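> for reference, the sequence and a predicted model appear below.
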Amino acid sequence: MDRQLTRISKRISFVLRHHPERIGISLDQYGRVNLESFMNHFNRHYGTPISEPLIQKIMAQSDKQRYAIEGDTIRALYGHSIPVKPLTPPTMPPEFLYHGTTHAAARLIVDEGLKKMDRDFVHLSANQQMAIQVGKRRDNHPVVFEVQAKAAATAGILFYPTKSGIWLVDAMPAKYLQVIQS
């Protein structure tokens, strides 16, 4: 994706995940907003003309699948720091999921488990490569945890899948985590 589309994509994600009020919109309880209203407010605020075809182009070119257009609405798929309810019901996860993080955070995670911190959910990756990519955002050589997801689900932890291969949970106790790359 070229620089201009990446910049627009990040702005769309920022608004839908963290600060809809910044452009004068409100999200419903699931994080959705009317697409036409979103584009109008976005264009007015940023002075960057976006359209549904442009958003579709960004979605088609992005490997991260940060948001989705559903009917006449748009929403971020994950990564919210504002409270939203998941649209999907809890689902039994695969046996293992993964979490990539910094060395500093890993020291705390080993003792305390994964916590949502400033997000609405803990994010787990479907495979080790995704976890490495996520971890590299803040650490060139991230620590990767293998999560005993199926065992955690059997013990009552709810897992919510997303279209992008990210699984959402409220928290993950340390007993279900093992460092597999450091």
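Looks like it came in fine. Numbering: from 1, shown residues only.

> His80: what's its closest spatial neighbour, skipping adjacent residues?
Distances taken as CB to CB, 6 or more residues apart in numbering place Asp120 nearest to His80, at 4.4 Å, with adjacent residues excluded. The way it works is simple: take the backbone N, C-alpha and C, and place the C-beta from them, glycine included.

> can you tell me the element that neighbour falls in?
Of the helices and strands defined by DSSP states H and E, none includes Asp120.

> quick one, domains of this protein?
3-76, 96-181 (automatic domain parsing).

> which residues sit in contact with Gln65?
59, 77, 162-164 (CB atoms under 8 Å, 6 or more residues apart in numbering).

> and the gap between the residue nearest to His80 and Leu114?
Distance of Asp120 to Leu114, given as CB to CB, to the nearest Å: 14 Å.

> wait, Leu27 touches Lys85, no?
No. Applying CB atoms under 8 Å, one finds Leu27 not in contact with Lys85, separated by 10.8 Å.

> compare these two (neighbour count), which wins?
Leu27 (22 against 10; other CB atoms under 10 Å).

> quick one: Lys64 from His141, how far?
For Lys64, the distance to His141 equals 21 Å [CB to CB].

> what residues are bridge-paired with Ile74?
Beta bridges link Ile74 to Val33, Ile69 when assigned by DSSP bridges.

> contact partners for it?
16, 32-33, 35, 38, 55, 67-68.

> filter the contacts of Gln65 down to the buried ones, ChimeraX style.
One line in ChimeraX is enough to select the buried ones among these; burial here means 16 or more other CB atoms under 10 Å:
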select :59,77,162,164
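
> distance to Lys150 and secondary structure for the contacts of Gln65 - can I get that in CSV?
Compiled in CSV, these are given as follows (distance: CB to CB, whole Å; DSSP: H, G, I helix; E, B strand; the rest coil):
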residue, distance to Lys150, secondary structure
Met59, 31, helix
Leu77, 23, coil
Thr162, 18, coil
Lys163, 21, coil
Ser164, 20, coil
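
> out of the contacts of Gln65, which is nearest to Leu124?
Distance to Leu124, by CB to CB, is smallest for Thr162 among the contacts of Gln65, at 10.3 Å.

> let me see the contact set for the closest one.
So Thr162 contacts 65, 77-78, 88, 168 (CB under 8 Å, 6+ apart).

> swap in Asn43?
Neighbouring residues of Asn43 by CB under 8 Å, 6+ apart: 49-50.

> identify all contacting residues around stretch 124-132.
Counting by CB under 8 Å, 6+ apart, residues outside stretch 124-132 touching it are 93-94, 97-100, 114, 134, 142, 144-147, 149, 159, 165-169, 172, 180-181.

> ok, of those, which come out buried?
Neighbour-count burial (16+ other CB under 10 Å) applied to the contacts of stretch 124-132 gives 93, 97-100, 114, 134, 142, 144-147, 149, 159, 166-169, 172.

> quick one: what helix or strand has Arg107 in it?
Using DSSP H and E, Arg107 falls in helix 103-112.
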